[in-house]
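Undergrad: Here's a sequence, model it:
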Amino acid sequence: MTAALKTGDAPRLLVLRMLVSEIGYKQIELQRELRDEDVISVIQREVKKRREAIVSYREGDREDQALTEEKELEILLGYLPAQMGEGEVREEINKVLERLSTEEKSDFGKADRNCNFSGGRSRNEKTA
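TA: Here you go, the predicted model:
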């Protein structure tokens, strides 16, 4: 945030201030120190808001507002961990299916819980 302030990067500064505020609200809501997963969920929620706003602004012929939201979205995406590609997700799912018994393979929920999307990377929910 200091770097954005010193360089005069107003859009980044605006997004970071909003993010700090949202993280503070989440900490008050949970009444505990936030873990990394909590902070990531806050960022993901803000990303979702921006994507929905972009669609709404475009439907309402507000291209200027849509562009602003796109810039904010790009900044927010920079603070999320890298997502696994489709090939990596398929590979992880195949590993799990090999380990599970025949009965468990038909239980999608159990198979999904056994997938280990780790290594600091998250899976792309649309891909999964």
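
Undergrad: what about this protein, any weak spots by pLDDT?
TA: Along the chain, segments meeting pLDDT under 70 span 100-128.

Undergrad: how does it divide into domains?
TA: Structural domains assigned to the chain are 2-77, 83-128, following automatic domain parsing.

Undergrad: can you list those domains in CSV and add mean neighbour count?
TA: C-beta here means a position set from N, CA and C on the backbone, and glycine is covered the same way. Formatted as CSV, these follow (neighbours: other C-beta atoms under 10 Å):
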stretch, mean neighbour count
domain 2-77, 14
domain 83-128, 12
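
Undergrad: residues contacting residue 53?
TA: Taking C-beta atoms under 8 Å, 6 or more residues apart in numbering, we find residue 53 in contact with 65, 66, 69.

Undergrad: in what helix or strand does it lie?
TA: In this structure, residue 53 sits in helix 36-59 according to DSSP states H and E.

Undergrad: right, and the helix or strand after that helix?
TA: Later in the chain than helix 36-59, the nearest helix or strand by DSSP H and E is helix 63-77.

Undergrad: how about that following helix as PDB, C-alpha atoms only?
TA: Extracted as PDB, the C-alpha positions of helix 63-77 are listed here (Å, rounded to 0.1, in the frame of the first residue of the first chain):
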ATOM      1  CA  GLU A  63     -18.500   1.000 -20.600                       C
ATOM      2  CA  ASP A  64     -16.500   3.600 -18.500                       C
ATOM      3  CA  GLN A  65     -17.600   2.000 -15.300                       C
ATOM      4  CA  ALA A  66     -17.000  -1.500 -16.700                       C
ATOM      5  CA  LEU A  67     -13.400  -0.500 -17.500                       C
ATOM      6  CA  THR A  68     -12.900   0.800 -14.000                       C
ATOM      7  CA  GLU A  69     -14.200  -2.500 -12.600                       C
ATOM      8  CA  GLU A  70     -11.900  -4.400 -14.900                       C
ATOM      9  CA  LYS A  71      -8.900  -2.500 -13.700                       C
ATOM     10  CA  GLU A  72      -9.900  -3.200 -10.100                       C
ATOM     11  CA  LEU A  73     -10.400  -6.900 -11.000                       C
ATOM     12  CA  GLU A  74      -6.900  -7.100 -12.500                       C
ATOM     13  CA  ILE A  75      -5.400  -5.600  -9.300                       C
ATOM     14  CA  LEU A  76      -7.300  -8.100  -7.100                       C
ATOM     15  CA  LEU A  77      -6.300 -11.100  -9.200                       C
END
